[in-house]
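[1] Structure, please.
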Amino acid sequence: MKQIEVITGCMFAGKTTELINRLKSIKQKYLLVKPLIDKREVGDKVSTHSGIVEKAIRVNHLSDIFDMLKDIKVVGVDEAQFFKKSIVKDLKYLKSKDIRIILAGLDRDYLNKPFGAMSDILSISDTVTVLKARCNNCQAPASHSFRKNTSQENQLLIGNENFYEALCEVCFNEKQIHGK
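    Numbering: from 1, shown residues only. Modelled structure (predicted):
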């Protein structure tokens with residue numbers, strides 16, 4: 001039975017690294033996709049903070065890959081939080097076609113609120129792996145993505161360490177109360 005596996009956690013927790021490691025370890029033909037909206041890398045690739053690069057297909061909707069699934073046994077999805085809510089229907093379709101799905105994405109945004117469709121994705125997942133980063137302030141296990149740039153208040157601000165840092169709950173709450 002094929003399943004939906006979710007890898008989640010805050011920014012800098014190693015979600016993409018874990019996704020790529022799982023895809024490479026399965027020894028089956030896979031397709032790696034990422035949302036078209038994520039333009040941090042040039043071209044069709046996914047890269048980790050540690051420098052691992054893997055070929056990926058950039059799409060607006062997960063359904064954009066449905067005609068590319070011949071001989072594909074596994075679909076990997078990076079930055080799943082950036083896809084529209086229709087991803088849930090697309091994931092159910094892939095699962096019904098006996099395709100294993102491994103997704104990586106942020107479950108919460110910089111305000112610690114649910115991010116995009118991730119709550120819905122988590123509700124249909126078969127397994128969830130929660131990864132933690134190291135707190136930028138105290139080095140404790142971090143579970144929060146904190147936005148350093150306060151001028152942009154939209155939930156969607158795509159960036160790396162230029163805009164975000166990983167914080168433990170204590171440091172996150174401290175910065176939320178006392179400002180940046």
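
[2] where does the protein have low pLDDT?
    Within the chain, the segments meeting pLDDT under 70 span 1, 38-43, 49, 149-162, 178-180.

[3] Listing partners with orientation, what would you give for the helix or strand hosting Val6?
    Using DSSP states H and E, Val6 maps to strand 4-9. Strand 4-9 has these partner strands in its sheet, going by DSSP bridges: strand 100-105 (parallel), strand 127-131 (parallel).

[4] need the next SSE after the last one, C-terminal direction.
    What that stands for is strand 127-131. By DSSP H and E, the next helix or strand past strand 127-131 is strand 133-134.

[5] can you list contacts of that following strand?
    Gly9, Cys10, Met11, Phe12, Ala13, Gly14, Ala140, Pro141, Ala142, Ser143, Ala166 (C-beta atoms under 8 Å, 6 or more residues apart in numbering). C-betas here are computed from N, CA, C, even on glycine.

[6] List the strands paired with that strand, with their directions.
    Assessed with DSSP bridges, strand 133-134 is paired to strand 141-142 (antiparallel).

[7] any idea how far the strand it pairs with is from the chain center?
    17 Å (C-alpha atoms, centre = their mean, to the nearest Å).

[8] Pull up the gap between the residue sitting nearest the centre point of the chain and Lys175, please.
    The chain has Gly105 as the residue nearest its centroid, 1.8 Å off, counting by C-alpha atoms, centre = their mean. Using C-beta to C-beta, to the nearest Å, Gly105 is found at 23 Å from Lys175.

[9] How about Asp126?
    From Asp126 across to Lys175, the span is 35 Å (C-beta to C-beta).

[10] neighbour count winner among these two?
    Neighbours per residue (other C-beta atoms under 10 Å) separate Asp126 from Lys175, with Lys175 holding more: 17 against 13.
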